[in-house]
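Engineer: with the sequence up front, the predicted model follows.
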Amino acid sequence: MSMFCYQCQEAAKGTGCTVKGVCGKTDVVSNLQDLMVYTLKGISQLVIRGKQAGVEMPNKNHYVMTGLFMTITNANFDDQAILNNIRKGLEIKQELKGFLSENGVSLEGLHDAALWSATDDNGIIAKSLAPEAGILATENEDVRSLRELIIYGVKGMAAYAEHALNLGKEDVNIYEFMVKALAATLDDSLSADDLVALTLETGKFGVDTMAMLDAANTGTYGNPEITEVNIGVRNNPGILVSGHDLKDFEQLLEQSKGAGVDIYTHGEMLPANYYPAFKKYDHFFGNYGNAWWKQKEEFESFNGPILFTTNCIVPPKEDQISRIYTTGASGYPGCKHIEADQDGNKNFSEIIEHAKKLKSPTEIETGTIIGGFAHAQVFALADKVVDAVKSGAIKKFFVMAGCDGRMKSRDYYTEFAEKLPEGTVILTAGCAKYRYNKLELGDIGGIPRVLDAGQCNDSYSLAVIALKLKEVFELNDINELPIAYNIAWYEQKAVIVLLALLYLGVKNIHLGPTLPGFLSQNVAKVLVENFGIAGIGSVEDDIEMFMA
Ligand code: SF4
Ligand code: SF3
(Lines give C-alpha, C1' and ligand atoms only; values in the text may rest on other atoms or scores of the structure.)
(Ligands and ions follow the chains in the order given, each with its own letter.)
Protein backbone atom coordinates (compact mmCIF):
# COMPACT_ATOMS: atom_id res chain seq x y z
CA MET A 1 0.00 0.00 0.00
CA SER A 2 1.63 3.27 -1.09
CA MET A 3 -1.25 5.56 -0.08
CA PHE A 4 -4.65 5.40 1.55
CA CYS A 5 -7.59 7.59 0.64
CA TYR A 6 -11.30 6.88 1.02
CA GLN A 7 -12.74 10.35 0.99
CA CYS A 8 -14.92 10.10 -2.12
CA GLN A 9 -17.60 7.85 -3.55
CA GLU A 10 -15.26 6.35 -6.13
CA ALA A 11 -12.83 4.95 -3.54
CA ALA A 12 -11.44 1.71 -5.01
CA LYS A 13 -13.67 -1.31 -4.21
CA GLY A 14 -15.74 1.02 -2.05
CA THR A 15 -13.11 0.80 0.65
CA GLY A 16 -10.17 3.01 -0.37
CA CYS A 17 -7.54 3.74 -3.00
CA THR A 18 -4.24 2.20 -1.98
CA VAL A 19 -1.91 2.48 -4.99
CA LYS A 20 -3.29 5.31 -7.10
CA GLY A 21 -6.55 7.24 -6.90
CA VAL A 22 -9.42 6.22 -9.16
CA CYS A 23 -9.62 10.02 -9.56
CA GLY A 24 -6.12 9.97 -11.04
CA LYS A 25 -4.38 11.29 -7.94
CA THR A 26 -0.88 9.80 -7.57
CA ASP A 27 0.34 8.30 -4.32
CA VAL A 28 2.76 11.23 -3.99
CA VAL A 29 -0.05 13.79 -4.17
CA SER A 30 -2.30 11.74 -1.90
CA ASN A 31 0.38 11.44 0.79
CA LEU A 32 1.21 15.12 0.52
CA GLN A 33 -2.47 15.98 0.90
CA ASP A 34 -2.61 13.85 4.04
CA LEU A 35 0.42 15.71 5.36
CA MET A 36 -1.25 19.01 4.46
CA VAL A 37 -4.24 18.06 6.61
CA TYR A 38 -1.92 16.78 9.35
CA THR A 39 -0.14 20.13 9.34
CA LEU A 40 -3.47 21.98 9.54
CA LYS A 41 -4.45 19.84 12.52
CA GLY A 42 -1.14 20.78 14.18
CA ILE A 43 -1.66 24.48 13.50
CA SER A 44 -5.17 24.17 14.92
CA GLN A 45 -3.91 22.51 18.08
CA LEU A 46 -1.38 25.32 18.57
CA VAL A 47 -4.10 27.94 18.12
CA ILE A 48 -6.37 26.17 20.61
CA ARG A 49 -3.51 25.85 23.11
CA GLY A 50 -2.99 29.62 22.98
CA LYS A 51 -6.70 30.31 23.26
CA GLN A 52 -7.05 28.08 26.30
CA ALA A 53 -4.23 30.02 27.93
CA GLY A 54 -6.02 33.28 27.17
CA VAL A 55 -3.49 34.39 24.54
CA GLU A 56 -4.70 36.17 21.41
CA MET A 57 -3.11 34.09 18.66
CA PRO A 58 -2.01 35.36 15.22
CA ASN A 59 -4.82 34.85 12.73
CA LYS A 60 -4.17 31.88 10.40
CA ASN A 61 -7.77 31.29 9.36
CA HIS A 62 -7.37 31.88 5.64
CA TYR A 63 -4.40 29.56 5.49
CA VAL A 64 -6.35 26.78 7.20
CA MET A 65 -9.33 27.26 4.89
CA THR A 66 -7.33 27.20 1.66
CA GLY A 67 -5.24 24.26 2.83
CA LEU A 68 -8.39 22.22 3.39
CA PHE A 69 -9.85 23.28 0.05
CA MET A 70 -6.71 22.13 -1.80
CA THR A 71 -7.25 18.59 -0.55
CA ILE A 72 -10.81 18.03 -1.72
CA THR A 73 -11.33 15.48 -4.47
CA ASN A 74 -10.38 16.60 -7.99
CA ALA A 75 -9.28 20.10 -6.99
CA ASN A 76 -5.51 19.95 -6.95
CA PHE A 77 -3.23 17.35 -8.50
CA ASP A 78 -0.11 19.50 -8.34
CA ASP A 79 2.44 18.02 -5.93
CA GLN A 80 4.58 21.17 -6.09
CA ALA A 81 1.67 23.43 -5.14
CA ILE A 82 0.83 21.22 -2.16
CA LEU A 83 4.47 20.96 -1.15
CA ASN A 84 4.79 24.76 -1.25
CA ASN A 85 1.71 25.10 0.90
CA ILE A 86 3.02 22.60 3.46
CA ARG A 87 6.26 24.61 3.60
CA LYS A 88 4.18 27.67 4.38
CA GLY A 89 2.39 25.67 7.07
CA LEU A 90 5.69 24.71 8.69
CA GLU A 91 6.65 28.38 8.86
CA ILE A 92 3.30 29.15 10.47
CA LYS A 93 3.83 26.41 13.03
CA GLN A 94 7.26 27.84 13.88
CA GLU A 95 5.72 31.26 14.28
CA LEU A 96 2.92 29.97 16.51
CA LYS A 97 5.25 27.90 18.68
CA GLY A 98 7.54 30.89 19.12
CA PHE A 99 4.56 33.06 19.96
CA LEU A 100 3.30 30.61 22.58
CA SER A 101 6.74 30.34 24.17
CA GLU A 102 7.15 34.11 24.24
CA ASN A 103 3.84 34.30 26.05
CA GLY A 104 4.87 31.71 28.58
CA VAL A 105 2.53 29.01 27.27
CA SER A 106 3.94 25.50 27.56
CA LEU A 107 4.19 23.28 24.48
CA GLU A 108 4.12 20.17 26.60
CA GLY A 109 1.85 17.35 25.56
CA LEU A 110 1.26 18.75 22.07
CA HIS A 111 0.72 16.21 19.31
CA ASP A 112 3.42 15.38 16.77
CA ALA A 113 1.21 17.13 14.18
CA ALA A 114 1.90 20.40 16.00
CA LEU A 115 5.53 19.69 16.78
CA TRP A 116 7.05 18.12 13.67
CA SER A 117 9.13 20.16 11.31
CA ALA A 118 11.41 19.57 8.33
CA THR A 119 14.37 21.49 7.03
CA ASP A 120 13.88 20.78 3.34
CA ASP A 121 11.54 19.24 0.77
CA ASN A 122 13.08 15.80 1.23
CA GLY A 123 12.16 16.00 4.89
CA ILE A 124 8.59 16.95 3.97
CA ILE A 125 8.30 14.10 1.49
CA ALA A 126 9.72 11.62 4.01
CA LYS A 127 7.18 12.81 6.57
CA SER A 128 4.35 12.43 4.06
CA LEU A 129 5.20 8.70 3.96
CA ALA A 130 5.23 8.34 7.74
CA PRO A 131 2.29 6.31 9.09
CA GLU A 132 1.36 8.93 11.69
CA ALA A 133 0.53 11.48 8.98
CA GLY A 134 -2.00 9.21 7.26
CA ILE A 135 -5.65 8.40 7.86
CA LEU A 136 -4.86 4.90 9.13
CA ALA A 137 -2.90 6.37 12.04
CA THR A 138 -6.19 6.26 13.96
CA GLU A 139 -6.44 2.58 14.72
CA ASN A 140 -9.97 2.32 16.07
CA GLU A 141 -12.15 2.02 13.00
CA ASP A 142 -15.13 3.87 14.46
CA VAL A 143 -13.09 6.76 15.81
CA ARG A 144 -11.31 6.99 12.46
CA SER A 145 -14.64 6.99 10.67
CA LEU A 146 -16.04 9.82 12.80
CA ARG A 147 -12.84 11.85 12.61
CA GLU A 148 -12.77 11.56 8.83
CA LEU A 149 -16.48 12.33 8.52
CA ILE A 150 -15.83 15.57 10.42
CA ILE A 151 -12.73 16.39 8.37
CA TYR A 152 -14.53 15.82 5.08
CA GLY A 153 -17.40 18.00 6.27
CA VAL A 154 -14.95 20.72 7.20
CA LYS A 155 -13.24 20.40 3.81
CA GLY A 156 -16.54 21.06 2.06
CA MET A 157 -17.21 23.94 4.44
CA ALA A 158 -13.80 25.43 3.63
CA ALA A 159 -14.54 25.35 -0.09
CA TYR A 160 -17.81 27.24 0.36
CA ALA A 161 -16.29 29.67 2.85
CA GLU A 162 -13.55 30.53 0.36
CA HIS A 163 -16.06 31.39 -2.37
CA ALA A 164 -17.86 33.65 0.08
CA LEU A 165 -14.58 35.29 1.10
CA ASN A 166 -13.79 35.95 -2.55
CA LEU A 167 -16.96 38.03 -2.56
CA GLY A 168 -15.97 39.83 0.63
CA LYS A 169 -18.02 37.82 3.12
CA GLU A 170 -16.56 35.90 6.03
CA ASP A 171 -17.52 34.78 9.49
CA VAL A 172 -14.90 34.27 12.16
CA ASN A 173 -17.15 31.76 13.94
CA ILE A 174 -16.95 29.47 10.92
CA TYR A 175 -13.15 29.69 10.85
CA GLU A 176 -12.96 29.06 14.57
CA PHE A 177 -15.12 26.01 14.17
CA MET A 178 -12.82 24.61 11.45
CA VAL A 179 -9.86 25.03 13.80
CA LYS A 180 -11.73 23.49 16.72
CA ALA A 181 -12.85 20.52 14.62
CA LEU A 182 -9.38 19.89 13.19
CA ALA A 183 -7.79 20.01 16.64
CA ALA A 184 -10.49 17.71 18.01
CA THR A 185 -9.47 15.01 15.55
CA LEU A 186 -6.12 14.78 17.40
CA ASP A 187 -7.75 14.48 20.80
CA ASP A 188 -7.75 10.88 22.04
CA SER A 189 -9.79 11.81 25.10
CA LEU A 190 -12.93 12.44 23.04
CA SER A 191 -15.46 9.61 23.12
CA ALA A 192 -17.45 8.37 20.15
CA ASP A 193 -20.44 10.30 21.55
CA ASP A 194 -18.37 13.48 21.66
CA LEU A 195 -17.41 12.94 18.04
CA VAL A 196 -21.03 12.29 17.02
CA ALA A 197 -21.98 15.59 18.69
CA LEU A 198 -19.14 17.32 16.84
CA THR A 199 -20.40 15.81 13.58
CA LEU A 200 -23.78 17.43 14.12
CA GLU A 201 -22.13 20.70 15.03
CA THR A 202 -20.25 20.46 11.73
CA GLY A 203 -23.67 20.33 10.08
CA LYS A 204 -24.74 23.47 11.92
CA PHE A 205 -21.71 25.35 10.65
CA GLY A 206 -22.36 23.85 7.23
CA VAL A 207 -25.78 25.56 7.24
CA ASP A 208 -24.18 28.84 8.34
CA THR A 209 -21.52 28.62 5.63
CA MET A 210 -24.00 27.88 2.87
CA ALA A 211 -26.24 30.69 4.09
CA MET A 212 -23.25 33.04 4.03
CA LEU A 213 -22.30 31.97 0.50
CA ASP A 214 -25.91 32.34 -0.62
CA ALA A 215 -25.95 35.88 0.78
CA ALA A 216 -22.60 36.63 -0.89
CA ASN A 217 -23.74 35.30 -4.28
CA THR A 218 -27.20 36.86 -4.31
CA GLY A 219 -26.00 40.09 -2.65
CA THR A 220 -23.39 40.53 -5.37
CA TYR A 221 -25.08 39.14 -8.46
CA GLY A 222 -28.81 39.27 -7.63
CA ASN A 223 -31.23 36.42 -7.07
CA PRO A 224 -31.13 33.61 -9.63
CA GLU A 225 -34.14 33.80 -11.93
CA ILE A 226 -35.82 31.45 -14.37
CA THR A 227 -33.50 31.25 -17.35
CA GLU A 228 -33.34 29.34 -20.59
CA VAL A 229 -29.71 28.46 -21.08
CA ASN A 230 -28.35 27.95 -24.56
CA ILE A 231 -26.48 24.64 -24.87
CA GLY A 232 -25.40 25.16 -28.47
CA VAL A 233 -22.43 27.17 -29.75
CA ARG A 234 -21.68 30.33 -31.70
CA ASN A 235 -19.09 30.88 -34.37
CA ASN A 236 -16.51 32.79 -32.28
CA PRO A 237 -13.52 31.53 -30.34
CA GLY A 238 -14.55 30.58 -26.82
CA ILE A 239 -13.33 30.14 -23.26
CA LEU A 240 -14.92 27.43 -21.13
CA VAL A 241 -15.17 28.10 -17.39
CA SER A 242 -15.54 25.22 -14.96
CA GLY A 243 -15.73 24.93 -11.17
CA HIS A 244 -17.72 26.92 -8.65
CA ASP A 245 -16.19 30.38 -8.17
CA LEU A 246 -18.46 33.19 -9.37
CA LYS A 247 -15.94 35.94 -8.64
CA ASP A 248 -13.46 34.38 -11.05
CA PHE A 249 -16.24 34.09 -13.58
CA GLU A 250 -17.15 37.76 -13.24
CA GLN A 251 -13.54 38.88 -13.59
CA LEU A 252 -13.10 36.86 -16.76
CA LEU A 253 -16.35 38.25 -18.22
CA GLU A 254 -15.26 41.81 -17.49
CA GLN A 255 -11.79 41.39 -18.92
CA SER A 256 -12.95 39.64 -22.08
CA LYS A 257 -15.52 42.29 -23.07
CA GLY A 258 -15.09 43.31 -26.70
CA ALA A 259 -12.36 40.74 -27.29
CA GLY A 260 -14.36 38.78 -29.85
CA VAL A 261 -14.29 35.76 -27.57
CA ASP A 262 -17.40 34.02 -26.20
CA ILE A 263 -17.60 32.72 -22.65
CA TYR A 264 -19.29 29.40 -21.88
CA THR A 265 -19.97 27.70 -18.56
CA HIS A 266 -19.17 24.06 -17.91
CA GLY A 267 -20.23 21.60 -15.19
CA GLU A 268 -20.95 23.35 -11.91
CA MET A 269 -20.56 26.81 -13.45
CA LEU A 270 -23.87 26.33 -15.35
CA PRO A 271 -25.88 28.19 -12.66
CA ALA A 272 -23.90 31.38 -13.42
CA ASN A 273 -26.37 31.67 -16.30
CA TYR A 274 -29.20 32.23 -13.80
CA TYR A 275 -27.76 35.35 -12.12
CA PRO A 276 -29.09 38.71 -13.36
CA ALA A 277 -25.70 40.43 -13.10
CA PHE A 278 -24.15 38.16 -15.71
CA LYS A 279 -26.91 38.62 -18.26
CA LYS A 280 -25.61 41.99 -19.37
CA TYR A 281 -22.58 40.42 -21.03
CA ASP A 282 -23.36 39.77 -24.69
CA HIS A 283 -20.35 37.52 -25.05
CA PHE A 284 -21.60 35.15 -22.31
CA PHE A 285 -23.20 32.60 -24.61
CA GLY A 286 -24.38 29.61 -22.56
CA ASN A 287 -23.32 26.22 -21.24
CA TYR A 288 -21.15 23.68 -23.04
CA GLY A 289 -21.17 20.02 -22.10
CA ASN A 290 -22.19 18.10 -19.05
CA ALA A 291 -20.94 17.01 -15.64
CA TRP A 292 -17.22 16.96 -14.82
CA TRP A 293 -16.46 13.36 -15.71
CA LYS A 294 -17.16 13.84 -19.41
CA GLN A 295 -14.62 16.63 -19.71
CA LYS A 296 -11.88 14.84 -21.63
CA GLU A 297 -14.10 14.38 -24.69
CA GLU A 298 -15.88 17.69 -24.28
CA PHE A 299 -12.65 19.68 -23.92
CA GLU A 300 -11.49 18.03 -27.15
CA SER A 301 -14.45 19.36 -29.11
CA PHE A 302 -14.53 22.70 -27.32
CA ASN A 303 -11.28 23.61 -29.08
CA GLY A 304 -10.59 26.67 -26.91
CA PRO A 305 -8.93 27.21 -23.53
CA ILE A 306 -10.53 26.07 -20.28
CA LEU A 307 -10.37 27.80 -16.91
CA PHE A 308 -10.78 25.72 -13.75
CA THR A 309 -11.84 27.82 -10.80
CA THR A 310 -12.21 24.73 -8.52
CA ASN A 311 -12.93 21.01 -8.75
CA CYS A 312 -13.67 18.76 -10.56
CA ILE A 313 -10.58 18.26 -12.72
CA VAL A 314 -10.04 14.98 -14.54
CA PRO A 315 -6.37 14.38 -15.44
CA PRO A 316 -6.29 15.73 -19.00
CA LYS A 317 -4.82 14.24 -22.13
CA GLU A 318 -1.23 15.34 -22.64
CA ASP A 319 -2.12 17.55 -25.60
CA GLN A 320 -4.89 19.32 -23.64
CA ILE A 321 -2.63 20.50 -20.82
CA SER A 322 -1.49 23.65 -22.63
CA ARG A 323 -5.15 24.72 -23.07
CA ILE A 324 -6.06 24.28 -19.39
CA TYR A 325 -5.63 27.04 -16.83
CA THR A 326 -6.25 26.75 -13.10
CA THR A 327 -6.81 29.32 -10.38
CA GLY A 328 -7.67 29.46 -6.68
CA ALA A 329 -7.32 26.15 -4.84
CA SER A 330 -7.25 24.14 -8.07
CA GLY A 331 -4.10 23.00 -9.81
CA TYR A 332 -2.66 20.46 -12.22
CA PRO A 333 1.01 19.89 -13.10
CA GLY A 334 1.90 21.62 -16.34
CA CYS A 335 -1.27 23.73 -16.44
CA LYS A 336 -0.78 27.47 -16.09
CA HIS A 337 -1.98 28.66 -12.66
CA ILE A 338 -3.36 32.19 -12.43
CA GLU A 339 -2.69 33.79 -9.04
CA ALA A 340 -4.66 36.62 -7.48
CA ASP A 341 -2.88 39.82 -6.54
CA GLN A 342 -3.10 41.17 -2.99
CA ASP A 343 -6.55 42.64 -3.64
CA GLY A 344 -7.90 39.39 -5.03
CA ASN A 345 -7.75 40.58 -8.65
CA LYS A 346 -6.72 38.13 -11.33
CA ASN A 347 -5.30 38.86 -14.73
CA PHE A 348 -6.92 36.63 -17.33
CA SER A 349 -5.36 38.33 -20.37
CA GLU A 350 -3.22 35.30 -21.26
CA ILE A 351 -6.20 32.96 -21.51
CA ILE A 352 -8.16 35.56 -23.53
CA GLU A 353 -5.28 36.00 -25.99
CA HIS A 354 -4.90 32.22 -26.16
CA ALA A 355 -8.58 31.82 -27.06
CA LYS A 356 -8.28 34.22 -29.99
CA LYS A 357 -5.76 31.91 -31.65
CA LEU A 358 -7.95 28.80 -31.42
CA LYS A 359 -10.95 27.50 -33.34
CA SER A 360 -14.50 28.14 -32.21
CA PRO A 361 -16.22 25.29 -30.33
CA THR A 362 -17.64 22.32 -32.22
CA GLU A 363 -21.35 21.91 -31.63
CA ILE A 364 -22.23 18.83 -29.57
CA GLU A 365 -25.80 19.76 -28.64
CA THR A 366 -28.43 22.30 -29.57
CA GLY A 367 -31.37 23.85 -27.78
CA THR A 368 -31.84 25.13 -24.28
CA ILE A 369 -32.24 23.92 -20.72
CA ILE A 370 -34.10 25.71 -17.97
CA GLY A 371 -32.94 26.59 -14.47
CA GLY A 372 -32.77 29.31 -11.86
CA PHE A 373 -35.15 27.95 -9.23
CA ALA A 374 -33.32 29.08 -6.12
CA HIS A 375 -35.33 30.14 -3.07
CA ALA A 376 -36.32 33.68 -4.16
CA GLN A 377 -37.60 32.49 -7.53
CA VAL A 378 -39.52 29.60 -6.00
CA PHE A 379 -41.02 31.94 -3.39
CA ALA A 380 -42.17 34.18 -6.26
CA LEU A 381 -44.03 31.14 -7.59
CA ALA A 382 -45.20 30.06 -4.13
CA ASP A 383 -48.93 30.53 -4.77
CA LYS A 384 -48.77 28.38 -7.87
CA VAL A 385 -46.75 25.70 -6.09
CA VAL A 386 -48.97 25.65 -3.01
CA ASP A 387 -52.13 25.48 -5.15
CA ALA A 388 -50.65 22.59 -7.12
CA VAL A 389 -49.94 20.70 -3.89
CA LYS A 390 -53.39 21.45 -2.46
CA SER A 391 -55.14 20.38 -5.64
CA GLY A 392 -53.10 17.18 -5.74
CA ALA A 393 -51.50 18.11 -9.07
CA ILE A 394 -48.15 17.84 -7.27
CA LYS A 395 -48.08 14.78 -5.05
CA LYS A 396 -44.48 14.67 -4.10
CA PHE A 397 -41.20 16.54 -4.42
CA PHE A 398 -37.93 14.66 -4.79
CA VAL A 399 -34.78 16.38 -3.64
CA MET A 400 -32.16 14.91 -5.96
CA ALA A 401 -29.27 17.23 -5.25
CA GLY A 402 -25.58 16.40 -5.08
CA CYS A 403 -22.89 15.17 -7.38
CA ASP A 404 -22.53 13.24 -10.58
CA GLY A 405 -19.76 10.74 -11.26
CA ARG A 406 -18.54 8.31 -13.87
CA MET A 407 -19.78 5.07 -12.35
CA LYS A 408 -22.25 3.12 -14.45
CA SER A 409 -24.42 2.66 -11.36
CA ARG A 410 -25.33 6.34 -11.60
CA ASP A 411 -27.58 5.51 -14.56
CA TYR A 412 -29.98 4.75 -11.69
CA TYR A 413 -30.62 8.48 -11.32
CA THR A 414 -31.56 9.00 -14.97
CA GLU A 415 -33.85 6.01 -14.88
CA PHE A 416 -35.32 7.13 -11.56
CA ALA A 417 -36.12 10.57 -13.01
CA GLU A 418 -37.65 9.02 -16.14
CA LYS A 419 -39.81 6.57 -14.21
CA LEU A 420 -41.09 8.93 -11.53
CA PRO A 421 -44.87 9.01 -11.81
CA GLU A 422 -46.87 12.05 -12.91
CA GLY A 423 -47.42 14.57 -10.19
CA THR A 424 -43.83 14.52 -9.00
CA VAL A 425 -41.29 17.33 -9.16
CA ILE A 426 -37.51 17.01 -8.84
CA LEU A 427 -35.70 19.69 -6.84
CA THR A 428 -32.05 19.60 -7.80
CA ALA A 429 -28.73 21.36 -7.21
CA GLY A 430 -25.13 20.41 -7.91
CA CYS A 431 -23.78 18.51 -10.87
CA ALA A 432 -26.10 15.56 -10.09
CA LYS A 433 -28.61 17.38 -12.31
CA TYR A 434 -26.86 16.40 -15.52
CA ARG A 435 -28.28 12.92 -15.11
CA TYR A 436 -31.78 14.24 -15.93
CA ASN A 437 -31.77 17.95 -16.80
CA LYS A 438 -31.91 17.31 -20.52
CA LEU A 439 -34.78 14.81 -20.40
CA GLU A 440 -38.21 15.85 -21.64
CA LEU A 441 -40.04 15.53 -18.33
CA GLY A 442 -42.62 18.23 -19.03
CA ASP A 443 -44.29 20.47 -16.50
CA ILE A 444 -47.19 20.56 -14.06
CA GLY A 445 -49.41 23.55 -14.77
CA GLY A 446 -46.40 25.54 -15.96
CA ILE A 447 -44.08 24.36 -13.17
CA PRO A 448 -41.21 22.39 -14.77
CA ARG A 449 -40.75 18.90 -13.34
CA VAL A 450 -37.05 19.53 -12.79
CA LEU A 451 -36.35 22.65 -10.77
CA ASP A 452 -32.65 23.45 -10.67
CA ALA A 453 -31.65 25.70 -7.78
CA GLY A 454 -27.98 25.97 -8.78
CA GLN A 455 -24.64 24.64 -7.59
CA CYS A 456 -24.18 22.02 -4.86
CA ASN A 457 -24.01 24.76 -2.20
CA ASP A 458 -27.44 25.92 -3.42
CA SER A 459 -28.81 22.78 -1.78
CA TYR A 460 -29.17 25.39 0.95
CA SER A 461 -31.88 26.94 -1.23
CA LEU A 462 -33.73 23.63 -1.28
CA ALA A 463 -33.62 23.51 2.52
CA VAL A 464 -34.94 27.09 2.69
CA ILE A 465 -37.76 26.12 0.31
CA ALA A 466 -38.61 23.09 2.47
CA LEU A 467 -38.68 25.22 5.62
CA LYS A 468 -40.94 27.75 3.87
CA LEU A 469 -43.34 25.00 2.76
CA LYS A 470 -43.42 23.68 6.33
CA GLU A 471 -44.50 27.16 7.45
CA VAL A 472 -47.10 27.57 4.68
CA PHE A 473 -48.65 24.19 5.42
CA GLU A 474 -48.44 24.85 9.18
CA LEU A 475 -46.59 21.63 9.93
CA ASN A 476 -44.58 20.90 13.07
CA ASP A 477 -41.89 18.90 11.41
CA ILE A 478 -40.05 19.29 8.12
CA ASN A 479 -40.40 15.51 7.67
CA GLU A 480 -44.19 15.80 7.39
CA LEU A 481 -43.82 17.52 4.02
CA PRO A 482 -44.39 15.52 0.84
CA ILE A 483 -40.66 15.63 0.10
CA ALA A 484 -38.37 12.63 -0.37
CA TYR A 485 -34.59 12.89 -0.42
CA ASN A 486 -32.71 10.77 -2.91
CA ILE A 487 -29.25 12.28 -2.97
CA ALA A 488 -26.21 11.37 -5.06
CA TRP A 489 -22.86 12.10 -3.50
CA TYR A 490 -19.31 12.08 -4.76
CA GLU A 491 -16.94 14.42 -2.94
CA GLN A 492 -16.63 16.31 0.33
CA LYS A 493 -18.93 19.20 -0.54
CA ALA A 494 -21.72 16.65 -0.64
CA VAL A 495 -20.61 15.56 2.83
CA ILE A 496 -21.16 19.04 4.25
CA VAL A 497 -24.50 19.30 2.42
CA LEU A 498 -25.55 16.00 3.98
CA LEU A 499 -24.45 17.02 7.48
CA ALA A 500 -26.28 20.34 7.04
CA LEU A 501 -29.51 18.55 6.12
CA LEU A 502 -29.15 16.25 9.14
CA TYR A 503 -28.61 19.27 11.36
CA LEU A 504 -31.82 20.83 9.95
CA GLY A 505 -33.66 17.71 11.07
CA VAL A 506 -34.22 16.09 7.69
CA LYS A 507 -34.73 12.35 8.11
CA ASN A 508 -34.74 9.32 5.83
CA ILE A 509 -32.26 10.62 3.28
CA HIS A 510 -31.32 8.02 0.69
CA LEU A 511 -27.72 8.27 -0.36
CA GLY A 512 -26.16 6.69 -3.41
CA PRO A 513 -24.98 5.22 -5.60
CA THR A 514 -23.08 3.64 -2.68
CA LEU A 515 -22.72 4.57 0.96
CA PRO A 516 -19.41 6.20 1.91
CA GLY A 517 -16.52 3.78 2.36
CA PHE A 518 -15.34 5.88 5.30
CA LEU A 519 -18.43 5.01 7.35
CA SER A 520 -17.58 2.11 9.65
CA GLN A 521 -20.39 -0.35 10.34
CA ASN A 522 -21.06 1.18 13.74
CA VAL A 523 -21.05 4.76 12.50
CA ALA A 524 -23.34 3.79 9.64
CA LYS A 525 -25.60 2.18 12.25
CA VAL A 526 -25.78 5.45 14.21
CA LEU A 527 -26.78 7.29 11.05
CA VAL A 528 -29.39 4.67 10.18
CA GLU A 529 -30.89 4.55 13.67
CA ASN A 530 -30.93 8.27 14.40
CA PHE A 531 -31.55 9.74 10.98
CA GLY A 532 -32.97 6.94 8.88
CA ILE A 533 -30.13 7.25 6.35
CA ALA A 534 -30.34 4.51 3.75
CA GLY A 535 -28.78 3.50 0.46
CA ILE A 536 -30.54 2.94 -2.83
CA GLY A 537 -32.09 -0.21 -4.28
CA SER A 538 -33.70 -0.84 -7.65
CA VAL A 539 -35.43 2.10 -9.34
CA GLU A 540 -38.84 0.39 -9.26
CA ASP A 541 -38.63 -0.64 -5.61
CA ASP A 542 -37.38 2.76 -4.54
CA ILE A 543 -40.11 4.65 -6.38
CA GLU A 544 -42.73 2.38 -4.86
CA MET A 545 -41.24 2.90 -1.39
CA PHE A 546 -41.02 6.68 -1.77
CA MET A 547 -44.55 7.02 -3.16
CA ALA A 548 -46.14 4.80 -0.51
FE1 SF4 B 1 -9.66 7.43 -4.35
FE2 SF4 B 1 -11.56 9.30 -4.17
FE3 SF4 B 1 -9.37 9.49 -2.70
FE4 SF4 B 1 -9.30 9.91 -5.36
S5 SF4 B 1 -10.34 11.15 -3.81
S6 SF4 B 1 -7.84 8.74 -4.15
S7 SF4 B 1 -10.79 8.35 -6.05
S8 SF4 B 1 -10.94 7.91 -2.55
FE1 SF3 C 1 -19.89 18.12 -8.89
FE2 SF3 C 1 -17.28 17.80 -8.59
FE3 SF3 C 1 -19.79 17.38 -6.38
FE4 SF3 C 1 -20.49 21.00 -6.67
S5 SF3 C 1 -18.26 19.30 -9.75
S6 SF3 C 1 -21.07 18.98 -7.13
S7 SF3 C 1 -18.79 16.42 -8.00
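Structural biologist: Okay, I see it. Ligands and ions are numbered 1, 2, ... in the order given.

Engineer: contacts only, for the residue of the stretch 251-400 of the chain found nearest ligand 2.
Structural biologist: Here the stretch 251-400 of the chain gets closest to ligand 2 at one residue, C312, 3.2 Å apart by CB to the nearest ligand atom. Quick note: C-beta positions are derived from backbone N, CA and C, even for glycine. The neighbourhood of C312, defined by CB atoms under 8 Å, 6 or more residues apart in numbering, consists of 73-75, 242-243, 267-268, 292-293, 431, 490-491.

Engineer: please redo it, this time with the cut-off set to 6 Å
Structural biologist: 74, 292 (CB atoms under 6 Å, 6 or more residues apart in numbering).

Engineer: ok so it is a helix residue?
Structural biologist: No: applying DSSP: H, G, I helix; E, B strand; the rest coil, one finds C312 to be coil, outside a helix.

Engineer: next one: it from C431, what distance?
Structural biologist: Taking CB to CB, to the nearest Å as the measure, C312 falls 8 Å from C431.

Engineer: cool, D443 as well?
Structural biologist: From D443 across to C431, the span is 23 Å (CB to CB).

Engineer: more neighbours, these two?
Structural biologist: Set side by side, D443 and C431 show more neighbours around C431, with 28 against 11, by other CB atoms under 10 Å.

Engineer: just to check, that one is in contact with L270?
Structural biologist: No: using CB atoms under 6 Å, C431 makes no contact with L270, being 8.3 Å away.

Engineer: which residues touch the residue of the chain most remote from its centre?
Structural biologist: In terms of distance from the mean C-alpha position of the chain, G104 ranks first, at 40.6 Å (CA atoms, centre = their mean). Neighbour list for G104: empty [criterion: CB under 6 Å, 6+ apart].

Engineer: adjust the sequence numbering to begin at 49 for everything that follows.
Structural biologist: That works, and once the first residue is 49, the last one we named lands at G152.

Engineer: burial check on S165, number of neighbours?
Structural biologist: S165 is flanked by 14 other residues according to other CB under 10 Å.

Engineer: can you list the residues of this protein near ligand 1?
Structural biologist: Residues of the chain lying near ligand 1 by CB under 6 Å from any ligand atom: 53-56, 58-59, 65, 69-71, 73, 78, 121.

Engineer: wait, a strand at Y533?
Structural biologist: Yes: counting by three-state DSSP, Y533 falls inside a strand.

Engineer: what's the pLDDT at it?
Structural biologist: In this prediction, Y533 carries a pLDDT score of 98.

Engineer: looking at this structure, which helix is longest?
Structural biologist: Secondary structure of the chain per DSSP state H: the longest helix is helix 240-269.

Engineer: roughly how far is that one from the heart of the chain?
Structural biologist: Centroid separation for helix 240-269 versus its chain: 13 Å, with CA atoms, centre = their mean, to the nearest Å.

Engineer: and that helix with ligand 2, contact?
Structural biologist: No: counting by CB under 6 Å from any ligand atom, ligand 2 has no neighbours in helix 240-269; the shortest distance is 11.8 Å.

Engineer: check which element follows that helix along the chain.
Structural biologist: Per DSSP states H and E, the first helix or strand lying C-terminal to helix 240-269 is strand 275-278.

Engineer: which helices and strands sit right next to the helix or strand following that next one?
Structural biologist: Next helix or strand after strand 275-278 toward the C-terminus (DSSP H and E): strand 286-290. In this structure, strand 286-290 makes packing contacts with strand 310-313, strand 354-356, judged by 3 or more CB pairs under 6 Å, 6 or more residues apart in numbering; DSSP states H and E.

Engineer: name the strands paired with the last one and say parallel or antiparallel.
Structural biologist: The one in question is strand 354-356. Strand 354-356 pairs in its sheet with strand 286-290 (parallel), strand 372-375 (parallel), by DSSP bridges.

Engineer: with adjacent residues omitted, what lies nearest to the most centrally placed residue in the chain?
Structural biologist: With distances taken as CA atoms, centre = their mean, K541 lies nearest the centre of the chain, 3.2 Å away. Closest residue to K541 apart from its sequence neighbours, by CB to CB, 6 or more residues apart in numbering: G204 at 4.1 Å.
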